[in-house]
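Undergrad: model this:
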Amino acid sequence: MVPAKSASAAADERSLGNACRVGARSASAGAPARGPDLIEQLISSRFVFAAVAFALVCAMAATVSFARAPAWQVRDKTWAGWAVRDFLTGDERPQVVFLGSSLVLVPVATVDANFLGRRLDGSQHHRSYYFEHGIERRTGSSIRSFILALPGQMPSDAYLITDYLLDGKKTPPVLVYGVGPRDFMDNLLPSPASTDLFRCLSRFGDISGMLDRVMPDWVDRFNYRLGRCVYLYGMKEELSCRAGQALCRLLDRLLPVPPGVTPYTVAHRREILPGYQMGGLEAGEAFFRPHGKDELTFADNIAEYRKRYSTVRWDTFTTQMRFFAELLDVARQRGIHVVVVSMPITEINRSLIAGYAWDAYRNSIHVLATVKGASFLDLDGSGAFKQSDFMDTVHLHSGGGKKMLDMLADRLAADSALRPARPGKRQPEM
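TA: Modelled structure (predicted):
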């Protein structure tokens, strides 16, 4: 027979059993879960559930191309958006396309304002009627021009225009590209991908091959690659644009502008917030106006350009020169003859640029134009432009612009290989 346990022994045994069970639970809590327990925890995890749900939503959105529109349906109300949309939706192929920054846009458009005798909406005016008239007068044949020169345009932007837009039925025989030193050495440019025009045009093709050049900051490259992997993240700008437009339409219906009250434009908002939608442009917001000689005044913008030229950023310079060379290569492959125009600037502006940087700029554009088979028109070195031809230290006014376009028309009309004209009647002035 087994002797009966004493009360104290039984109590000790119960205490030892409880201690072992507690220790076993503590050990199991500290050890990693295995097998069914791990799967159960993952299934019940809110983070994992949210990640899976988001991945499914992205996959469905990508499958149906949610919020994605064809690249040619540019919706941006910006200088670039208006010009690109007008170029792609037009039926007629232009014989001459103008590229460049405001150094080209401003004089060409202000000359037309004087020539046509009325103010011109910057969002709608994309032809040079005076230049077309000059070619017809010199050759007896009419042409159609298109202005794709835009504020702040860099060679990286001009390259995307040439590569993505000037193709197929939109390939012009002649491309006039006006350049200035700011285009290659602007200290205020964070990166080539930061311009409004680059953001607009990057949707037309794959920029992965040039990513290191256009996005030197690794954070920008990471965001780009993340956008390629995660559909909704990659579409964030398009979704934001569409949401903003839908909200504006809703507010216009619910809270219409009272009669007699001027709508609050982007320009008005920019007076309060200087950095607000810098590339934004509503229809009827910016005009090129005709001016008489007595109305022209010289604006001092030297402080702005002192910042732009404060130091020479050779990485920016070499990157933009490479894009310039690649633009010339693409044009030559497509049978487009490029006329590189060295745009004139004032001696005041020129004095801000270090001598070695100026020589590098001048020599590089001349050599590249020659080697790549382009024509070179040196207006800056022609001696034909005085300070009285400028509205500020870099932009020609309508009088200087007329002189520029006359010299360009003389050059194109004199060379049969460059002549972009075709027989026909002159286009109506609209």
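Undergrad: where does the stretch 201-350 of the chain dip in pLDDT?
TA: Low-confidence segments of the stretch 201-350 of the chain (pLDDT under 70): 231, 233-235, 241, 245, 264-271, 273-279, 293-295.
Undergrad: where exactly do the strands run in it?
TA: For the stretch 201-350 of the chain, strands defined by DSSP state E, counting those that start in this stretch occupy the ranges 287-288, 337-342.
Undergrad: dump those strands to CSV, plus distance to Arg221 and mean neighbour count.
TA: Bear in mind the C-beta positions are built from the backbone N, C-alpha and C, glycine included. Output for the strands of the stretch 201-350 of the chain, formatted as CSV (distance: least, CB to CB, whole Å; neighbours: other CB atoms under 10 Å):
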stretch, distance to Arg221, mean neighbour count
strand 287-288, 39, 18
strand 337-342, 31, 23
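Undergrad: would you list these in a markdown table and tack on distance to Thr162?
TA: Output for the strands of the stretch 201-350 of the chain, formatted as a markdown table (distance: least, CB to CB, whole Å):
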| stretch | distance to Thr162 |
| --- | --- |
| strand 287-288 | 25 |
| strand 337-342 | 9 |
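Undergrad: out of the ones you listed, flag the one nearest Leu88.
TA: Counting by CB to CB, Leu88 lies closest to strand 337-342 out of the strands of the stretch 201-350 of the chain; the figure is 21.0 Å.
Undergrad: which of the strands of the stretch 201-350 of the chain sits closest to Gly355?
TA: Closest among the strands of the stretch 201-350 of the chain, once you apply CB to CB, is strand 337-342, at 17.0 Å.
Undergrad: by contact count, what packs against the closest one?
TA: strand 174-179, helix 314-333, helix 355-371, strand 375-378, helix 398-414 (3 or more CB pairs under 8 Å, 6 or more residues apart in numbering; DSSP states H and E).
Undergrad: quick one: stretch 225-241 to chain centroid distance?
TA: Mean C-alpha position of stretch 225-241 versus that of the full chain (CA atoms, centre = their mean, to the nearest Å) differs by 17 Å.
Undergrad: ditto for stretch 219-237
TA: That offset, for stretch 219-237, works out to 17 Å (CA atoms, centre = their mean).
Undergrad: out of the strands of the stretch 201-350 of the chain, which gets nearest to Met391?
TA: Smallest distance to Met391 across these (CB to CB): 11.7 Å, for strand 287-288.
Undergrad: please state the offset of that closest one from the chain centre?
TA: Using CA atoms, centre = their mean, the offset of strand 287-288 from its chain centre is 22 Å.
Undergrad: partner strands of that strand, with direction?
TA: strand 120-121 (antiparallel) (DSSP bridges).
Undergrad: ok, which of the strands of the stretch 201-350 of the chain comes nearest Pro190?
TA: strand 337-342 (26.4 Å).
Undergrad: next, the angle from the closest one to strand 174-179.
TA: 20 degrees (axes from the mean of the first three to the mean of the last three CA atoms, to 10 degrees).
Undergrad: parallel or antiparallel, list what pairs with strand 337-342.
TA: Applying DSSP bridges, one finds strand 337-342 paired with strand 174-179 (parallel), strand 375-378 (parallel).
Undergrad: just the C-alphas of it, formatted as PDB.
TA: Extracted as PDB, the C-alpha positions of strand 337-342 are listed here (Å, rounded to 0.1, in the frame of the first residue of the first chain):
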ATOM      1  CA  HIS A 337      17.700  70.900 -89.400                       C
ATOM      2  CA  VAL A 338      18.500  72.900 -86.200                       C
ATOM      3  CA  VAL A 339      19.500  76.500 -86.200                       C
ATOM      4  CA  VAL A 340      21.200  77.300 -82.900                       C
ATOM      5  CA  VAL A 341      20.800  80.900 -82.100                       C
ATOM      6  CA  SER A 342      23.100  82.500 -79.500                       C
END
